[in-house]
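K.L.:
coordinates only, sequence not included:
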């Protein structure tokens, strides 16, 4: 597994479904509120809000919750003011980590994130220390069992994608320029090709392979970072083989 893209599909299931759903709802509500505040409450004119609403509906969030979160963002009803922050640092084996957070108390969040890094073989760095190792791209994954490689390659290149990666055991990974992301995603949906995951996100330009203790510590660090209430996304340039994962999981 490599960095953020694979992490979501095989990370440890340590919390109950209800707890996971509660945490997911919290993150979605923050994203709805911030995106409405930044770009307005009309999803037709706000791509970020449109994506947040889509995520909320996929998670079966009640419509009333979605509406109130947007209204807090536009100021129609009172609510907590959230601030968006980016943290950078290093994990075991020199892995680059880029982390996006949404918080109402940046001092508390910074202190807690720094503590998670330090107790799991990493350290938080200065702004800019690893961001240069990532490039913003559109990322779309399609399960390998759902579509043939040659057909998918032809389709995505015609739609304007930059690349189709096939080295993951379970999914095809489609990469696009940010400006072509919606075009490629919509084109796949129109052709009935089932998308497992899609996002505009910082993608590592190179990966570092981890084994043994470094791999185990890295997975624990990622797990703890993602489980923090204020963390929205974590991106990292590590690569861990399927065999290594199976050994770690016991």
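P.N.:
Received the coordinates, thanks. Keep in mind that this is a model prediction, so the values were computed, not measured.
K.L.:
Which parts of this protein are helices?
P.N.:
Secondary structure of the chain by DSSP state H: the helices cover 3-10, 17-39, 47-58, 63-74, 106-119, 149-159, 181-190, 212-227, 242-249.
K.L.:
Can you give the domain ranges for this protein?
P.N.:
3-74, 84-132+208-249, 134-204 (automatic domain parsing).
K.L.:
ok, residue 82 touching residue 34?
P.N.:
Yes: counting by C-beta atoms under 8 Å, residue 34 is a contact partner of residue 82 at 5.5 Å. Yep, even glycine has a C-beta here, placed from its N, CA and C like the rest.
K.L.:
any residues in contact with both of those two?
P.N.:
Common neighbours of residue 82 and residue 34, counting by C-beta atoms under 8 Å, 6 or more residues apart in numbering, are residue 102.
K.L.:
circling back: got a markdown table for the domains of the chain, with mean pLDDT and mean neighbour count too?
P.N.:
Formatted as a markdown table, the domains of the chain follow (pLDDT from 0 to 100; neighbours: other C-beta atoms under 10 Å):
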| stretch | mean pLDDT | mean neighbour count |
| --- | --- | --- |
| domain 3-74 | 78 | 17 |
| domain 84-132+208-249 | 91 | 18 |
| domain 134-204 | 89 | 16 |
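K.L.:
For the helices of the chain, please prepare JSON lines with the additional fields distance to residue 236.
P.N.:
What follows is the helices of the chain, written out as JSON lines (distance: least, C-beta to C-beta, whole Å):
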{"stretch": "helix 3-10", "distance to residue 236": "5"}
{"stretch": "helix 17-39", "distance to residue 236": "18"}
{"stretch": "helix 47-58", "distance to residue 236": "21"}
{"stretch": "helix 63-74", "distance to residue 236": "29"}
{"stretch": "helix 106-119", "distance to residue 236": "12"}
{"stretch": "helix 149-159", "distance to residue 236": "25"}
{"stretch": "helix 181-190", "distance to residue 236": "21"}
{"stretch": "helix 212-227", "distance to residue 236": "7"}
{"stretch": "helix 242-249", "distance to residue 236": "15"}
